[in-house]
Each structure stands twice: as structure tokens, then as C-alpha cells.
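> Okay, predicted coordinates and the sequence, questions at the end:
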Amino acid sequence: MTILNKNLESEFAAERTFVKEFLDKVPARNAISKEKAEDLKARIKALLLERNAVLVAHYYTDALLQSLAEESGGFVADSLEMARFGTQTSAETIVVAGVKFMGETAKILNPEKTILMPTLEATCSLDLGCPADSFSLFCDAHPDHEVVVYANTSAEVKARSDWVVTSAIALDVVEHLTSQGKAVIWAPDKHLGNYIQKETGAENMLIWDGACIVHEEFKTQALEKMRHLYPQAAILAHPESPMAILEIADFVGSTTQIIKAACERPESTFIVATDAGIFYKMKQMAPEKEFILAPTAGEGATCRSCAQCPWMGMNTLETLHNSLLNNSNEILVDRMLCEKAMLPLQRMLDFRQSQIAG
Ligand code: 13P
Ligand code: SF4
């Protein structure tokens, strides 16, 4: 159940206006010629070698960046595995193609390394919708609750938490906590929070009122229609999607779990409710299968993101090249803050390690 007080209700309204205004200023993704892309890729590969740097890209970034990460000995992954990879690489510099919270996570876990990003403007509506000061007040008002925050948050919010989790591990961690009889504050994604609460049956779970502007656009009626058009297809959905979408999905999981499901399930056609960037890896892993994007706004309608995260789209070959060339867009996190935020992040990585081991 979502419990909010009146002050927070009005604060959320302000956050939502801020997110919308920010979004209106985000430029559209731009195309690039094949020749220019190859030229930039070659330059970036040379710079990565020269700087002892490695490129880590999220599945939602442009296919050109994902292929470059793979070709240059880097890594393409979900936010959990991006964090784990950062702690395992011997490279001195990690270049994170994704959104700011991913760069900050890399810095918190590797304070001695240089973390660069193609842009520092790439944020996330979940991060924007959970300001550290009001979140901290909310936690103070419920001191008997374990504070579990999604990785899509600022370093300050992470530092106020007991656990940081990603979508790949959120369910397992909350299950673990509720089995110990602990009450949980969950922030900031309400859809993922509601899904976790439904799956775990967690009582006394307080859920922050944030949402992902990309996944919120998936529409149930249009999806039902699509299901009739492709009756043999399975629907795969990311848990940041609204509950009505998750209820009709055949599989709900993080980006990596969605890709795995597409490879392992018997169906040959999939309707996918998450950012379209994931299709690069899905097609690579299961080339014989067909992938269809879940509808975002119904026939003839316009949408603001059309299942493409506008902030992920700010990662381009040009911005990546500039950042490496000029050593610009370095992620800096205050040392004390790093130390505080490291604890709940490390708790997640240790939990993951214990799952792998046991
Ligand atoms: P994953 O952790 O599944 O990669 O998701 C990150 C994200 O931002 C989804 O919108
Ligand atoms: Fe944030 Fe949604 Fe973009 Fe993921 S897709 S980075 S949750 S706005």
C-alpha cells in the first residue's frame, strides 16, 4: 500500500512538472552515416587503448555503442552486471554509456578509478522524482523500516538507504527481508514496488511515488489488441511497467532476465514491453526469433518517448568520443558520500555473490 502525507503529495506534483519540463528540452536521437560511425568507432577504440579505459554500455543505449563496447573488450549489461563488472576490471578508467546513476554507482564502488560518461546530462525520471532531502524526511518518519532503494537514484539517496537493489535482484532482497519480519520502505519506482509487494506479499511496505516515463507509456488496451494479432507470441515486460501490463505479461523481469527468457522460452515471437534498445542484444542472442515492441500510445497517437529513453539516447558516438578525447564529463562523488553509499551497494553485491555461490 502506498502511504504518503499531504506535503509529499504536493512535492510529487512539483517533481512531475520538473520531469516534464526537463523532457521537453531533450533533443531527438540523431542518425549518423555509416562512414562517420566507422571513423568514430576507430578513433574511440584507439583512445580506449591509449587511456587504459574500458567501455561499459547499458542495453538501452544505441546499438552502435553496444557493438563498440563488445568490439573493444568492454561489456554490455543490465545495471546490476554493469556495477559488478566495474569492480572486476583492471582498467584505470571506466567509461559508462548509460545514465548518471550508473556512472555514480561505478564511482562509488571504484573511488580510485576515473569514471567518464559521454554526457553528464543523462538522468532518469526515477532519480529526478526522488530528491534526497524529502526522501530523507520520509525515512526519518518511519525509523522502524528497512530502507531499500532502486539503483536509479542519486548517490545521496543511496547513502540514506540500507540496501540498494536493481530490478534483477529487488524481489529476492525484499523476500529475504520480509522473511526476517522486517518492514520495508521502497523507493522510488511505484510500479516495481507494487509488483514486489504483490509477489512477496510483503505487509507494511511503504512505496515512494516515482515512475519511469518510458515504461509508463505502455498501454494495456493496445497490448491486448496486439496479443490478438499475434496469438502465438509471449509478452515479456520490465517490472517498471504499470501493473495492468505486468498482469497480462507472460514473463516479468529485468533487462538481462528478459533476454534470457527470449532465448530459453519455446515461443518464436515476443512482444517486448521495455526500451527498444534491448532489441540489439535480443536479436544477437536469438537471431531466429521475432521481436515486436509493445505499443506505447495506441494507434495514431504521439508519445513523448516511444519506448526509447531520451536520456539513454544522449549517449552517442560523438559525445563518447569528445569525453574520451578531452577527459571530460568525469563523475565525481564526494569521498564521505562514496563511503556511505558504498555500504548498501556492497550489501547488494554480496547478496548476489551468495546467490551465485549457493
Ligand atoms: P535494468 O536494471 O533491468 O538494466 O534496468 C535499468 C533501467 O533503468 C530500466 O529502465
Ligand atoms: Fe530511468 Fe526509465 Fe530511462 Fe531507465 S528507461 S533510465 S528508468 S527513465
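Happy to help now that I have it. Ligands and ions are numbered 1, 2, ... in the order given.

> Any stretches of the chain with poor pLDDT?
Judged by pLDDT under 70, the chain has its weakly predicted residues at 1-30, 298-305.

> Might you enumerate the residues of it proximal to ligand 2?
By Cβ under 6 Å from any ligand atom, the part of the chain that sits against ligand 2 consists of 60, 99, 124-126, 152, 212-214, 240, 275, 309, 311-312. For every residue, glycine as well, the C-beta is placed using N, CA and C.

> is the longest helix along the chain anywhere near ligand 1?
Looking across the chain with DSSP state H, the single longest helix is helix 335-357. No. With Cβ under 6 Å from any ligand atom as the measure, helix 335-357 is seen stopping short of ligand 1, the closest distance being 11.5 Å.

> what residues does that helix touch?
Contacts with helix 335-357, where a contact means Cβ atoms under 8 Å, 6 or more residues apart in numbering, come from 80, 83-84, 87, 105, 107-109, 111, 149, 155-156, 158-159, 161-166, 169, 172-173, 176, 333.

> Please pick the buried ones from those.
Under a neighbour-count criterion of 16 or more other Cβ atoms under 10 Å, the subset of the contacts of helix 335-357 counted as buried comprises 80, 83-84, 105, 107-109, 149, 155-156, 158-159, 161-166, 169, 173, 176, 333.

> Lys45 against Ala69, yeah?
No. With contacts defined as Cβ atoms under 8 Å, Lys45 does not count as touching Ala69, sitting 10.7 Å away.

> if we can go back for a sec, from the residues of the chain next to ligand 2, which land in helices?
Cross-referencing the residues of the chain next to ligand 2 against helices under DSSP H gives 125-126.

> Make TSV out of the residues of the chain next to ligand 2 and add distance to Lys225 and neighbour count.
Listed next are these as TSV, based on distance: Cβ to Cβ, whole Å; neighbours: other Cβ atoms under 10 Å:
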residue	distance to Lys225	neighbour count
Tyr60	26	26
Val99	32	26
Cys124	30	27
Ser125	27	29
Leu126	29	27
Asn152	30	30
Cys212	23	26
Ile213	23	23
Val214	21	27
Glu240	22	29
Asp275	21	25
Cys309	25	26
Trp311	30	24
Met312	28	25
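
> returning to what we had before: also near ligand 1: which of the buried ones among the contacts of helix 335-357, exactly?
Judged by Cβ under 6 Å from any ligand atom, the overlap between these and the neighbourhood of ligand 1 comprises 80, 166.

> and the buried ones among the contacts of helix 335-357, which of them are in helices?
The subset of the buried ones among the contacts of helix 335-357 located in helices under the criterion DSSP H comprises 80, 83-84, 105, 107-109, 155-156, 158-159, 173, 176.

> which pair in those residues spans the largest distance?
Using Cβ to Cβ, these reach their maximum pairwise distance at Lys107 and His176, which is 27.0 Å.

> which residues in the stretch 201-350 of the chain form helices?
Listed in chain order, the helices of the stretch 201-350 of the chain (DSSP state H, counting those that start in this stretch) span residues 220-229, 243-248, 255-264, 279-285, 317-326, 335-357.

> how about those helices in CSV, adding mean neighbour count?
Converted to CSV, these look like this (neighbours: other Cβ atoms under 10 Å):
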stretch, mean neighbour count
helix 220-229, 14
helix 243-248, 17
helix 255-264, 18
helix 279-285, 17
helix 317-326, 18
helix 335-357, 15
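
> Now tabulate those helices in CSV and tack on distance to Asn52.
Compiled in CSV, these are given as follows (distance: least, Cβ to Cβ, whole Å):
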stretch, distance to Asn52
helix 220-229, 46
helix 243-248, 43
helix 255-264, 27
helix 279-285, 26
helix 317-326, 12
helix 335-357, 22
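
> re the thing from before, put the alpha carbons of the longest helix of the chain into CSV.
Once non-C-alpha atoms are left out, helix 335-357 reads as follows in CSV (Å, rounded to 0.1, in the frame of the first residue of the first chain):
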residue,chain,number,x,y,z
ARG,A,335,34.5,10.8,-0.7
MET,A,336,32.4,10.7,2.5
LEU,A,337,29.3,10.2,0.4
CYS,A,338,31.0,7.4,-1.5
GLU,A,339,31.8,5.7,1.7
LYS,A,340,28.2,5.9,3.0
ALA,A,341,26.7,4.9,-0.4
MET,A,342,29.1,2.0,-0.8
LEU,A,343,27.7,0.1,2.2
PRO,A,344,24.2,-0.6,0.8
LEU,A,345,25.6,-1.2,-2.7
GLN,A,346,28.2,-3.6,-1.4
ARG,A,347,25.4,-5.4,0.5
MET,A,348,23.6,-6.0,-2.8
LEU,A,349,26.8,-7.3,-4.5
ASP,A,350,27.5,-9.6,-1.5
PHE,A,351,23.9,-10.9,-1.6
ARG,A,352,24.3,-11.5,-5.3
GLN,A,353,27.6,-13.3,-4.7
SER,A,354,26.0,-15.5,-2.1
GLN,A,355,23.2,-16.4,-4.6
ILE,A,356,25.8,-17.4,-7.2
ALA,A,357,27.8,-19.4,-4.6
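
> what's the neighbour count on Ser90?
When neighbours are counted by other Cβ atoms under 10 Å, Ser90 registers 6.

> tell me the SS of it?
Secondary structure for Ser90, judged by DSSP: H, G, I helix; E, B strand; the rest coil, is coil.

> do you know how far it is from Leu345?
Computed as Cβ to Cβ, to the nearest Å, the Ser90 to Leu345 distance reads 20 Å.

> Thanks a lot, catch you later.
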